[in-house]
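J.: Sequence first, then the predicted structure:
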Amino acid sequence: MDLKEIWIYAEARGGRVNEVAHELLTRALDLKEKLDNSIVSAVLIGHKIPDEDKHELIQRGADKVYYVDSPKLKDFLVEPYSKVLTQLVKKYTPEIIIAPATTQGRTLMPYTAVRLRTGLTADCTGLDIDEEGNLLQTRPAIGGNIMATIKTATRPQMATVRPHSTRPAPIDEHRQGEIVNVDIQLTQEDLPTARLDFIKDETQGGTIQDADVVVSGGRGIGKAENFKIVYKLAKLLGGAVGGSRDVVDRGWIGYPHQVGLSGKTVNPKLYIALGISGAIQHLAGMQTSDTIIAVNKDPDAQIFRVSDLGIVADVTELVPALIERLEVAKNEI
Amino acid sequence: MRIIIPIKQVPETSNVKMDPETGTMVREGVESIINPLDLYSIETGIRLKEKYGGEIIVVSMGPQKAEEALKEAIAMGCDDAVLLTDKFFAGSDTFATSYTISKAIEKLKPFDLILCGERATDGDTAQVGPGIASLLGLPLATFTSKVEIEDGHIKATRLIEGGYEVLNLPMPALVTVVKEIADPRLPTLTGKLKAKKLEIKQWTAKEIEADPENLGLKGSPTRVVKTFSPKVAREGKVIEVKDEKSLNQAVDEIIELLKEKAII
Ligand SMILES: Cc1cc2nc3c(=O)[nH]c(=O)nc-3n(C[C@H](O)[C@H](O)[C@H](O)COP(=O)(O)OP(=O)(O)OC[C@H]3O[C@@H](n4cnc5c(N)ncnc54)[C@H](O)[C@@H]3O)c2cc1C
Ligand SMILES: Cc1cc2nc3c(=O)[nH]c(=O)nc-3n(C[C@H](O)[C@H](O)[C@H](O)COP(=O)(O)OP(=O)(O)OC[C@H]3O[C@@H](n4cnc5c(N)ncnc54)[C@H](O)[C@@H]3O)c2cc1C
């Protein structure tokens, strides 16, 4: 029987493999256990990506790494990347392809799936294999109000997966695998679009997805100025600041800080929700956090259903008291 | 400039009620609206038209009722509208949707730009815009927060992880836009009158010369096999603050937990 390949798209940014690829390996290894006769392969597209990054993919679970290198592929552009991915799929006929639901994955995958005349499931939070060996893809839809499980009749079965919805696969230094360099010709026609510039945005909450602690404020914070207590608490805990969509819409904090379905998914060690009601769309972005503390003056607030510790209190009283205590504790050390 | 804007009619989901038994949406009394994120692509199109002249055609695939969404777009300032409606379109996934819309757009050729919303608030996939671009062989910019036209090219600023990326695309191209791009305007009175009078074109599978194999449920590679309500539960301890004493107690509990989790 033929080996079935489970592919992960190992997203590269700035010439390095991004950590989300390691999270996808966790998913792929889980599927490999459930799908008979299968192996895990990583697809890596870029230019001069260091060998250590390819080996790391193997150490974290890839049996094979397909690597396509060209100066034309230095930065992500959907047209040439999609051509490369399409050709790889035609050549190696994978059973499953999972990619991160990042701006890159959400652009590359739909552009490629229609070319391959196959199905694509968006933004999955759960992946499983049924008795017949089909991929079961579970995702939130309708503003997070329902979960849907989706099957794909065609092959490959393609899905994007929410970043930070799992932990990265651990390293095993002894793991062996194969790096397959694949040459794919690109013509001028494959490169209609040019990348002119990249402007880093330091204020962007890229950090909210990387931080160990996220302190978020909602409408219950009361007014824009009060966000300073959120910042202060976050700083004392070495964390980043987030917000609900409500406060983003009000302009109390910028969109890159929005946590939730239409914002970012975070998975920190500690999430503190201040004056946030806990709408399903907000929960969709933070409920996998290790520990959740919520402060809300309404004892029936939904947020308490997902919190490890809930405090029914006015944030403008509780937070300053907490800050004071933390400052005292800090000075004692 | 000739701009085509695909728009979707969706249920108003901000106060959605779910049936806890079946895990499906309670549809009674739920209003249908233009996908809120399509208001931004419409606004972007109108601004480009104001600057460079031309016309905007809005296209929607859906039931007869989706005419309302098209009329609203006309009332905002779009010029013409096409409704793609046919029983063969029912049950389309994003592949079949992208296919159907791309066939209609082929019939509307020539055009310079297609603008889509970032995603629809019901299906929530953000896959239809890129799907249309790919089927039509067009260059694509997603998550765009700014569009400019320079020397017959589109300069698109994309909001991506860690910052903004600027792309230069030849026209015709397809661009999907995010909320940051522009504040949508309200329909005007003259716009509303125009919308009322306008006879909206209706095209079926035959008119767009679609391959029936690629349409509707039959042409859809994905299938929703089950829906259910999301589970959220980890009910932990809840402390009610009523006075100074319980406030201190609450703070103690938080500090305790922070220590236990090695945060401090
Ligand atoms: C398609 C779609 C996508 C969405 N995406 C997101 C998303 O990504 N992220 C997101 O957050 N939301 C999202 N939403 C919106 C979501 O439904 C809620 O409207 C939003 O999360 C509410 O924000 P909030 O909790 O800050 O405000 P509210 O719901 O108004 O809650 C404020 C809370 O503060 C409490 N409060 C008030 N005063 C005080 C006080 N002094 N002290 C303590 N507590 C107080 C109140 O009891 C209340 O619980 C989305 C909605 C839709 C339809
Ligand atoms: C619970 C649930 C889950 C689903 N999950 C998937 C899935 O994972 N994969 C999949 O392939 N299908 C899925 N579908 C089907 C999908 O919702 C439909 O195909 C839908 O017609 C288009 O997808 P969308 O709503 O996600 O639109 P999006 O791709 O999010 O819409 C983006 C843009 O495309 C344009 N557009 C979208 N639909 C239309 C339209 N009908 N007319 C005109 N313009 C339009 C608009 O410009 C819009 O802003 C799901 C459906 C349900 C009910």
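T.: Arrived safely, thanks for sending. Ligands and ions are numbered 1, 2, ... in the order given.
J.: can you tell me how far the residue in the stretch 1-150 of chain A that ligand 1 sits nearest to sits from residue B:95?
T.: Of the stretch 1-150 of chain A, the residue with the smallest distance to ligand 1, taken as Cβ to the nearest ligand atom, is residue A:143 at 3.4 Å. In this view, the C-beta of every residue, glycine as well, is placed from N, C-alpha and C. Distance of residue A:143 to residue B:95, computed by Cβ to Cβ, to the nearest Å: 23 Å.
J.: Counting neighbours, go ahead and name the busier of those two.
T.: When neighbours are counted by other Cβ atoms under 10 Å in any protein chain shown, residue A:143 and residue B:95 differ, and residue B:95 comes out ahead with 26 against 22.
J.: does the host helix or strand of that one come close to chain A?
T.: Assessed by DSSP states H and E, residue B:95 sits inside helix B:94-107. Yes: using Cβ under 8 Å from any Cβ of the partner chain as the criterion, contacts between helix B:94-107 and chain A involve B:94, B:95, B:98, B:99.
J.: List the residues that contact residue 248.
T.: Went with chain A since none was named. For residue A:248, the contact set (Cβ atoms under 8 Å, 6 or more residues apart in numbering or on different chains) comprises A:254, A:255, A:257, A:258, A:263.
J.: please go with chain B instead
T.: residue A:321.
J.: Residue A:147 now?
T.: Contacts of residue A:147 by Cβ under 8 Å, 6+ apart are A:125, A:138, A:139, A:140, A:141, B:23, B:227, B:228, B:229, B:230.
J.: Mind doing that once more with 10 Å?
T.: Counting by Cβ atoms under 10 Å, 6 or more residues apart in numbering or on different chains, residue A:147 touches A:125-126, A:138-141, B:23, B:226-231.
J.: For residue 123, which non-adjacent residue is closest in space?
T.: All of this is about chain A. Sequence neighbours aside, residue A:101 is the residue nearest to residue A:123 in space, at 4.6 Å (criterion: Cβ to Cβ, 6 or more residues apart in numbering or on different chains).
J.: The chain in question should be chain B.
T.: That would be residue A:141: by Cβ to Cβ, 6+ apart, it lies 6.2 Å from residue B:123.
J.: Tell me how many other residues crowd the one you found.
T.: Here the number of neighbours of residue A:141 (other Cβ under 10 Å) works out to 23.
J.: Need the per-residue pLDDT for it.
T.: Note on residue A:141: pLDDT of 83.
J.: can you pull up the bridge partners for it?
T.: residue A:146 (DSSP bridges).
J.: Now do the contacts for it.
T.: The contact partners of residue A:141, taken as Cβ under 10 Å, 6+ apart, are A:122-123, A:147-148, A:150, A:261, B:13, B:25, B:120-125, B:224, B:227.
J.: Tell me the pLDDT of the residue in the stretch 151-264 of chain B positioned nearest to ligand 1.
T.: Nearest residue of the stretch 151-264 of chain B to ligand 1 (Cβ to the nearest ligand atom) works out as residue B:241 at 10.0 Å. Note on residue B:241: pLDDT of 95.
J.: That one touches residue A:316, doesn't it?
T.: No: in this structure, residue B:241 is not within contact of residue A:316 by Cβ atoms under 10 Å, at 11.9 Å.
J.: Next, show the common contact partners of these two.
T.: Here residue B:241 and residue A:316 share the contacting residues residue A:297, scored by Cβ under 10 Å, 6+ apart.
J.: how about the residues of the stretch 51-200 of chain A near ligand 2?
T.: Neighbours of ligand 2 within the stretch 51-200 of chain A, by Cβ under 6 Å from any ligand atom: A:119, A:120, A:121, A:122, A:139, A:141, A:146, A:148, A:150.
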